[in-house]
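> Make a model of this:
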Amino acid sequence: MTSIDDSSVLPAEKLREVPLDAAGVRPRDVFGKLPRYAAGKPPTTVDGLESFKLSSNENPLPPLPAVLEAIAAETAINRYPDPLTTVLRTELSTYLGVPAADIVAGAGSLGALNQILAAFAGQNDFGAPDEVIYAWRSFEAYPISVGLAGAAGVQVPVMPDGTHDLDAMIAAVTEHTRVVLLCTPNNPTGPILAHDDVVDFLARVPEHVVVVVDEAYQEFVRRPDAVNGLDLYRKHPNVVVLRTFSKAHGLAGLRVGYSVAQQTLTEHLRISAVPFAVSQIAQHAAVTSLRHIDEVEARVQSIVDERTRVVAGLHDLGWGIPEAEGNFVWLALGEWTQHFASKAAESALSVRAFGSEGVRVSIGEPAANTRFLELCAEYPHRP
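Now for the predicted structure:
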């Protein structure tokens, strides 16, 4: 197999500096403005230590045994999958208590989000970009997806405690706003949005603006006042709920997620959906996992218990962190962000460092969480 040497490949932001006749085929100008998605890195190998990956918010537990059996039994991969994911949507309809017609599957919740942006945000007939409002820092794929859709992202800084500033997001709405993204719990900072606050927010958002409630970590939430996207979508025709099988169900590698919205929206989402985006293996695995939901919930609770232990341990050490309602914690380390990540690597732990803002650490295996707390006990620069 021929290896590829990319050492001479120009980064996107440099392409516009190259003369057209020298650059050859060039991508759209927006590519020079987009950030690169940085996936969580694998841990460094350290002699004498077991390595742990705490950088990607993955479920540290493998899929259920029944799910692994279902995957192994799937042999019809020479056939295209059902483009309407009928069996999965029917199973979800029963589980969620919503009509199957209100569900549109996608390749993970990010695939489902891209369908929403393709349908409702881009460039208008006069060539000016529509606007998509979202909190920042939030899910790092948002600016990439928004930019690729042809829309303009409007980033509204989160509050000092890592929560969405809903008043500022309302103030950012203009005649060009087409979509608002709400991430709850917010990735990477961790806090949820309260249900009553979002109800008030929706009362102030123009009805033609699509409001996406991204609930990728919904199963880990324990706050009783947390927003319930399904309750909102039933009452608001402009609300779309995003959920995924990547986190709680441990199916990140199979890429299966979905959106829930009223049919005035889903009729458009089915057009923007990528055909065959969810494989039959992914559908079969997701359906099997739903049929063993009690086992899934027990595993989720074990992760929540570990999260509680980690948060209590950090507090005991004097670390100030935002509310953690996902399967991760946020360390607002500022200028010490990269230094902490390097120290974690020396302990055979990979964590997710965000520039000079902070570090997100996923809740992993108990041994990994214990080593993380030991690192924090020794680290002098505490948020």
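> which residue ranges form the strands in this structure?
In the chain, the strands defined using DSSP state E lie at 52-53, 103-106, 131-136, 152-157, 177-183, 210-214, 239-244, 257-260, 328-331, 349-350, 352-354, 358-362.
> Indicate which one of those is closest to Gln283.
strand 103-106 (7.7 Å; CB to CB). To be clear about C-beta, it is placed using only N, CA and C from the backbone, and glycine gets the same treatment.
> And for the closest one, what's in contact with it?
Outside of strand 103-106, the residues within contact range by CB atoms under 8 Å, 6 or more residues apart in numbering are 85, 88-89, 92-93, 96, 112-115, 256-261, 266, 269-270, 273-274, 277-278, 283.
> which among those residues end up buried?
For the contacts of strand 103-106, a neighbour count by 16 or more other CB atoms under 10 Å gives the buried set as 85, 88-89, 92-93, 96, 112-115, 256-261, 266, 269, 273, 277-278, 283.
> residue ranges of the helices in the stretch 1-150 of the chain, please?
12-15, 20-23, 65-73, 86-96, 108-120, 141-148 (DSSP state H, counting those that start in this stretch).
> Could you give the average pLDDT over the fourth one?
For helix 86-96, the mean per-residue pLDDT is 98.
> That helix to strand 239-244, inter-axis angle?
If you take axes from the mean of the first three to the mean of the last three CA atoms, to 10 degrees, helix 86-96 sits at 110 degrees to strand 239-244.
> now for helix 86-96, which elements pack on it?
Using 3 or more CB pairs under 8 Å, 6 or more residues apart in numbering; DSSP states H and E as the contact criterion, the neighbours of helix 86-96 among helices and strands are strand 103-106, strand 257-260, helix 280-290.
> looking at the ones you listed, which is closest to Arg309?
Between Arg309 and those, the shortest gap by CB to CB is with helix 280-290, which sits at 25.7 Å.
> So what touches the closest one?
The contact list for helix 280-290, computed with CB under 8 Å, 6+ apart, reads 63-64, 66-67, 70-71, 74, 76-77, 79, 81-82, 85, 87-88, 91-92, 95, 105, 245, 249, 251, 254-256, 296.
> just how off-centre is that helix within its chain?
What separates the centre of helix 280-290 from the centre of its chain is 20 Å, taken as CA atoms, centre = their mean, to the nearest Å.
> ditto for stretch 303-313
A distance of 21 Å separates the centroid of the chain from that of stretch 303-313, by CA atoms, centre = their mean.
> Quick one: mean pLDDT over it.
Averaging pLDDT residue by residue across stretch 303-313 gives 98.
> Ser362 pairs with what?
Beta-bridge partners for Ser362, by DSSP bridges, are Phe328.
> Check it and give its pLDDT.
Note on Ser362: pLDDT of 98.
> who's in contact with it?
Counting by CB under 8 Å, 6+ apart, the residues that Ser362 touches are Gly40, Lys53, Leu54, Ser55, Ser56, Asn57, Glu58, Pro60, Asn327, Phe328, Val351, Arg352.
> and the two most separated of the residues you listed?
Across these, the longest distance by CB to CB is 14.9 Å; it joins Pro60 and Arg352.
> Asn187 contacts Gly326, correct?
Yes: between Asn187 and Gly326 there is a contact under CB atoms under 8 Å: 6.4 Å.
> what do these two both touch?
Contact criterion CB under 8 Å, 6+ apart; residues shared by Asn187 and Gly326: Asn57, Tyr217.
> which of the two has more neighbours?
Between Asn187 and Gly326, counted using other CB atoms under 10 Å, the more crowded position is Gly326 (30 against 22).
> one step back: right, and the helices and strands packed on helix 86-96 - which one's nearest Cys376?
For those, proximity to Cys376 was assessed by CB to CB; strand 257-260 is nearest, at 32.4 Å.
> Can you give the strand pairings for that closest one, parallel or anti for each?
Strand pairing for strand 257-260, using DSSP bridges, gives strand 103-106 (antiparallel), strand 239-244 (antiparallel).
> From the chain's centroid, how far away is that strand?
Here the centre of mass of C-alpha atoms in strand 257-260, compared against the chain's by CA atoms, centre = their mean, lies 13 Å away.
> can you check stretch 75-86 too?
The gap between the average C-alpha position of stretch 75-86 and the chain average comes to 26 Å, counting by CA atoms, centre = their mean.
> Same question for stretch 217-228.
For stretch 217-228, the distance to the chain centre is 15 Å (CA atoms, centre = their mean).
> Give me the residues contacting it.
Among residues not part of stretch 217-228, those counted as contacts by CB under 8 Å, 6+ apart are 57, 182, 184-185, 187, 192-198, 213, 229, 243, 247-248, 296-297, 300, 303-304, 307, 323, 325-327.
> 6 Å - rerun?
By CB atoms under 6 Å, 6 or more residues apart in numbering, the surrounding residues in contact with stretch 217-228 are 184-185, 192-195, 198, 247-248, 300, 304, 325-327.
> So what are the structural domains in the protein, by residue number?
When the chain is parsed into structural domains using automatic domain parsing, the resulting residue ranges are 52-57+294-378, 65-291.
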